[in-house]
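Below are the sequence and a predicted model for it; my questions follow.
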Amino acid sequence: MEPDAPARHLYDRDPTVSTFGIELVEAHADGATVRMTVRPDMCNGYGMVHGGLTFLLADSAMAFASSGEGEAALATSAGIDWFAPVRAGQVMTATAIRGGGGTKAVVWDVDVTADGVTVARFRGRTRKIGSPVIDG
């Protein structure tokens, strides 16, 4: 099995990523990278990307990273800090890396950048649920 096969399988079955134009750049057992171009309809009344969409992008990176070993995992908690605004036309990239944990519960650290600047930092936790990402 290719290292990114579980994440690609999950990505192909996730209608949210196509709705928001999220691309899966890479995925492996210890991390994943996704990116999204911010559209005007993703911005709030201040002309900045809505914080919830930044969270969505980071959560997506964590989701694809947490499936990297082929066993399904679900988020159990997450938090985010925003550092800088992102505007329409900018490309946000979220990179998740394994931050610690054991064989079932894992902590993921996700940096979100735009134009080389870290615009948010997300930390989430996942738990493997005992079923494969790809059946059969």
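Everything's here; your move.

can you give me the helices for this structure?
5-12, 15-19, 51-66 (DSSP state H).

Show the average pLDDT along the first one.
Averaging the model's pLDDT scores along helix 5-12 yields 95.

again with stretch 101-113
Across stretch 101-113, the average pLDDT comes to 95.

Before we move on, what's the pLDDT of Asp135?
Looking at Asp135, the pLDDT reads 82.

One more: Met1?
63.

hang on, the earlier thing: how about the helices of the chain, which one is nearest Asn44?
Comparison of these against Asn44 by Cβ to Cβ identifies helix 51-66 as nearest, at 7.9 Å. To be clear about C-beta, it is placed using only N, CA and C from the backbone, and glycine gets the same treatment.

Now do the closest one against helix 5-12: the angle between them, please.
Angle of helix 51-66 versus helix 5-12, following axes from the mean of the first three to the mean of the last three Cα atoms, to 10 degrees, is 150 degrees.

deepest of the helices of the chain, which one?
Among the helices of the chain, helix 51-66 has the highest mean neighbour count (mean count of other Cβ atoms under 10 Å), at a mean of 24.
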